[in-house]
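Trainee: Structure here, sequence nowhere to be found:
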Ligand SMILES: [Zn+2]
């Protein structure tokens with residue numbers, strides 16, 4: 001795998017909603033719009049599959065490449081995030097909890113297909129959002145394969161995975177490969193001294209306080225995470 005000169009920023013979002021969520025990290029549509037405006041003007045947003053191709057060495061990573069991702073697949077991703085992404089022409093990947101499909105508060109099949117037709121990619125966030133390292137490996141395999149299958153039954157092609165709460169182990173990575181995935185995201189942000197591994201792609205959790213071009217730059221360049229890596233991975 002050809003390594004880029006620096007760790008490419010992959011941004012992690014959850015809910016985009018005017019009202020703060022009780023347990024899910026939530027950004028207001030206004031703040032999200034400000035951040036996407038900055039990305040579209042100052043950065044080069046590319047899709048996560050495109051970024052993985054670059055990391056596999058098939059393509060050169062564009063200057064200032066950045067990828068946008070969402071975890072969980074809550075229905076506000078359609079109502080609030082999708083129109084903003086479309087307005088700024090920013091590609092994104094939504095990691096869907098497959099077992100929540102069509103449930104209240106989560107994306108429905110019709111919304112997913114509309115987003116897919118507009119170029120949004122979908123990945124798996126497992127079937128039941130279980131913390132994989134605490135499951136027996138047979139159940140891990142079922143979570144990984146079952147979620148992929150149920151999303152693909154809708155006509156999507158699903159080869160990207162996001163580990164719930166970022167939890168993985170070497171055995172879980174092997175199970176993800178065996179289930180037919182191509183790459184997987186975790187949550188911990190790394191800076192350039194971490195090797196880039198497409199089975200443990202590190203992401204940057206985006207917060208409401210990053211609304212200036214400089215703030216976004218600091219966050220994306222990894223300096224903001226300097227003290228973070230001194231703590232145990234969470
Ligand atoms: Zn999640």
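Mentor: On my side now, so go ahead. Only a predicted model underlies this, so the values are computations on that prediction, with no experimental measurement involved.
Trainee: The closest residue to the ion within the chain and residue 41: what is the separation?
Mentor: Using CB to the ion, the single residue of the chain nearest to the ion is residue 71, 4.0 Å away. Glycine gets a C-beta too; all of them are placed from N, C-alpha and C. Residue 71 sits 26 Å away from residue 41, going by CB to CB, to the nearest Å.
Trainee: Would you tell me what the next helix or strand after the top helix by length along the chain is?
Mentor: Ordering each helix of the chain by length in residues (DSSP state H) puts helix 137-152 first. Using DSSP states H and E, the helix or strand that follows helix 137-152 towards the C-terminus is strand 160-162.
Trainee: more neighbours, residue 71 and residue 41?
Mentor: Relative neighbour count places residue 71 above the other of residue 71 and residue 41, with 29 against 9, counting by other CB atoms under 10 Å.
Trainee: Now name the helix or strand holding the more buried one.
Mentor: If you go by DSSP H and E, residue 71 is part of strand 65-72.
Trainee: Output the contacting helices and strands for that strand.
Mentor: Secondary-structure packing of strand 65-72 (3 or more CB pairs under 8 Å, 6 or more residues apart in numbering; DSSP states H and E): strand 10-13, helix 29-42, strand 44-45, helix 48-55, strand 92-96.
Trainee: thought residue 96 was touching residue 124?
Mentor: Yes. Counting by CB atoms under 8 Å, residue 124 is a contact partner of residue 96 at 6.7 Å.
Trainee: list the residues that contact both of these two?
Mentor: Common neighbours of residue 96 and residue 124, counting by CB atoms under 8 Å, 6 or more residues apart in numbering, are 147, 151.
Trainee: so who does residue 15 touch?
Mentor: Contacts for residue 15 (CB under 8 Å, 6+ apart) come out as 21, 24-27, 72, 74, 76-77.
Trainee: Leaving out sequence neighbours, find the closest residue to the most centrally placed residue in the chain.
Mentor: What sits nearest the mean C-alpha location of the chain, by CA atoms, centre = their mean, is residue 69, with 3.2 Å. Leaving aside its chain neighbours, residue 69 sits nearest to residue 93 (4.8 Å; criterion: CB to CB, 6 or more residues apart in numbering).
Trainee: can you pull the contacts of that neighbour?
Mentor: Residues near residue 93 by CB under 8 Å, 6+ apart: 47-49, 67-70, 120-123, 160.
Trainee: List the beta-bridge partners for it.
Mentor: Beta-bridge pairing for residue 93 (DSSP bridges): residue 69, residue 121.
Trainee: so residue 147 makes contact with residue 130?
Mentor: No. Using CB under 8 Å, residue 147 is not in contact with residue 130; the gap is 10.6 Å.
Trainee: Please say which of the two ends up with more neighbours.
Mentor: A direct count of neighbours by other CB under 10 Å for residue 147 and residue 130 places residue 147 higher, at 26 against 17.
Trainee: Can you name the residues of the chain that neighbour the ion?
Mentor: Within the chain, the positions lying close to the ion (CB under 5 Å from the ion) are 71-72.
Trainee: where does the chain have low pLDDT?
Mentor: 1-7, 188-195, 222-234 (pLDDT under 70).
Trainee: now do 80
Mentor: Along the chain, the model assigns pLDDT under 80 to residues 1-7, 21-23, 58, 188-196, 218-219, 221-234.
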